[in-house]
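A.B. asks: okay, sequence plus prediction incoming.
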Amino acid sequence: MESGPRGGSRPAEPGPCLSSQCGADQAASASVLSAAGAEPGSRTLAVAAVLPAGGCGERMGVPTPKQFCPVLERPLISYTLQALERACWIKDVVVVVTEENMQAMENIIQKYKHKSISLVEAGVTRHRSIFNGLRALADNRLNSKLSKPEVVIIHDAVRPFFDEDILLKVVTAAKEHGCSDYDLEFGTECLQLALKYCHIKAKLVEGSPDLWKVTYKRDLYAAESIIKERISQEICIVMDPKENEEHIGHLLEEILKTELNHVQVTSQALYNAGSDIQQINLEQCYNFVCVNVKTPDFRETQKLLSMLEESNFSLLYPIVVVSAHFLDFKLVSPSQKMESLMWIREFAKEMRKKNILLYGLLINHSQDEQKLQENLRQGAIIITALIKERNSALIGQLLVA
Ligand SMILES: Nc1ccn([C@@H]2O[C@H](COP(=O)(O)OP(=O)(O)OP(=O)(O)O)[C@@H](O)[C@H]2O)c(=O)n1
Ligand SMILES: O=P(O)(O)OC[C@@H](O)[C@@H](O)[C@@H](O)CO
């Protein structure tokens with residue numbers, strides 16, 4: 001964290017936060033930042049961020065620099081940018097990358113629709129990279145769009161987990177606090193450098209445990225597990241309200257709630273294929289179970305898939321769709337149904353290209369209430385595993401409960 005030169009600010013642009021929270025949070029954060037501002041009239045503080053991303057990740061031991069390593073098929077740095085973009089009050093983000101990775105970084109920005117980003121060439125050490133980023137902000141030489149900030153957040157591109165609160169704390173402290181000898185003695189090398197070369201007073205703010213840095217290969221696995229867990233907290237069951245799908249759908253909902261007592265399970269009806277997905281409040285949900293009871297078997301699944309395809313919900317995270325088919329195995333054997341269900345294999349390949357993981361599940365719709373409960377429980381276990389694992393090797397498979 002460094003204090004930057006004073007200057008104006010341009011309107012904040014929300015990043016690709018799929019959440020509608022951005023607006024409300026922005027207002028709350030803006031008032032905190034205004035309060036932190038020393039100027040009369042509660043002017044909002046001009047804040048920018050520099051992300052050093054010019055390292056080669058030697059300790060990771062893989063040829064790709066760790067900031068570009070895929071986590072659930074999206075480069076790690078994109079998660080860090082996404083987390084920064086939740087703080088809509090950060091006006092500009094300068095990402096510092098090596099010349100050879102400049103194009104790769106441009107592609108990431110374009111693909112994941114990151115906003116307000118400028119690229120600067122890295123230096124041979126982390127501190128030189130940071131210096132290049134700061135200089136670009138100070139000189140305003142990158143392009144006329146960059147505004148001179150009062151506070152600059154410096155955040156390693158390889159620390160993808162943090163929330164807006166810690167950013168606010170650090171920014172507020174940067175504005176408010178003077179030097180603490182203790183922090184300078186026992187803080188990081190950055191604080192020493194700030195004092196030695198810039199005579200800038202610094203304050204150490206305690207971070208949260210999730211601020212850890214991806215350094216070794218095991219950290220990439222940990223990051224992937226954390227992300228998988230975060231996006232598995234909500235399941236939406238989709239069914240047709242007019243058919244007996246509703247009844248079986250609610251039974252499945254109850255059992256999933258019991259199996260996964262910390263996970264939010266909701267149910268939704270899809271009224272017609274053309275309806276806007278936002279209207280049915282499926283935002284921020286990355287897991288769907290479609291209940292198909294009557295023929296044509298895939299009506300609900302197809303409706304949902306076309307809605308998901310139209311939306312961009314799968315841009316940032318892979319979406320799991322489980323197409324659940326209820327058959328009474330006494331009346332219709334799974335093998336009889338197999339042929340019509342084979343479409344799922346081809347369809348799943350298509351969906352995969354859109355980052356939607358489609359799985360099939362046959363549940364024995366037994367007339368015996370106790371057996372049905374048992375089958376639903378087994379189905380719930382399979383659904384849970386599919387959602388938690390997000391295994392792309394299993395897409396298009398028909399699992400049986
Ligand atoms: N010349 C450098 C070196 C590092 N970094 C960045 O500084 C952050 C933290 O550094 P570190 O974890 O040490 O990254 P690497 O230098 O890539 O890793 P290693 O030391 O294992 O080579 C990373 O985002 C890294 O890309 C940078 O911008 N420029
Ligand atoms: O080389 P290490 O992994 O110990 O740390 C790199 C640090 O310099 C870097 O992460 C800064 O954020 C610490 O101030």
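C.D. replies: Cool, the structure landed. Residues are numbered from 1 along each chain as shown. Ligands and ions are numbered 1, 2, ... in the order given.

A.B. asks: closest point of the chain to ligand 1, which residue?
C.D. replies: residue 55 (2.1 Å; C-beta to the nearest ligand atom). Where you see a C-beta, it was placed from the backbone N, CA and C, and this is true even at glycine.

A.B. asks: where's that residue, which helix or strand?
C.D. replies: Assigned by DSSP states H and E, residue 55 falls within no helix or strand.

A.B. asks: the closest residue to it other than its chain neighbours: neighbouring residues, count only.
C.D. replies: Nearest non-adjacent residue to residue 55, counting by C-beta to C-beta, 6 or more residues apart in numbering: residue 65, 6.2 Å away. Other residues within reach of residue 65, judged by other C-beta atoms under 10 Å, total 24.

A.B. asks: so who does residue 65 touch?
C.D. replies: 53, 55, 56, 57, 101 (C-beta atoms under 8 Å, 6 or more residues apart in numbering).

A.B. asks: contacts for stretch 384-398 next, please.
C.D. replies: 72, 228-229, 232, 235, 256, 259-260, 287, 318, 320, 322, 334, 338, 341, 344-349, 351-352, 357-362, 399.

A.B. asks: can you get me the start-to-end distance on that stretch?
C.D. replies: 15 Å (C-alpha to C-alpha, to the nearest Å).

A.B. asks: again with stretch 392-401
C.D. replies: End-to-end for stretch 392-401, by C-alpha to C-alpha: 20 Å.

A.B. asks: what does stretch 361-379 give?
C.D. replies: Note: stretch 361-379 ends 8 Å apart using C-alpha to C-alpha.

A.B. asks: list of residues touching that stretch?
C.D. replies: Contacts for stretch 361-379 (C-beta under 8 Å, 6+ apart): 248, 251-252, 255, 259, 293, 322-330, 334, 337, 341, 382-383, 398-401.

A.B. asks: please name the nearest non-neighbouring residue to residue 164.
C.D. replies: Residue 164 sits nearest to residue 87 (C-beta to C-beta, 6+ apart), 4.7 Å away.

A.B. asks: for stretch 135-154, buried residues please.
C.D. replies: Using 16 or more other C-beta atoms under 10 Å as the test for burial, stretch 135-154 gives 136-138, 142, 146-154.

A.B. asks: where does the stretch 1-150 of the chain have low pLDDT?
C.D. replies: Applying pLDDT under 70 to the stretch 1-150 of the chain picks out residues 1-43, 140-145.

A.B. asks: just the helices in it please.
C.D. replies: Assigned by DSSP state H, counting those that start in this stretch, the stretch 1-150 of the chain shows helices spanning 22-36, 76-85, 102-111, 126-139.

A.B. asks: for the stretch 251-400 of the chain, same thing?
C.D. replies: Using DSSP H, counting those that start in this stretch, helices in the stretch 251-400 of the chain cover 299-310, 334-341, 343-353, 369-389.
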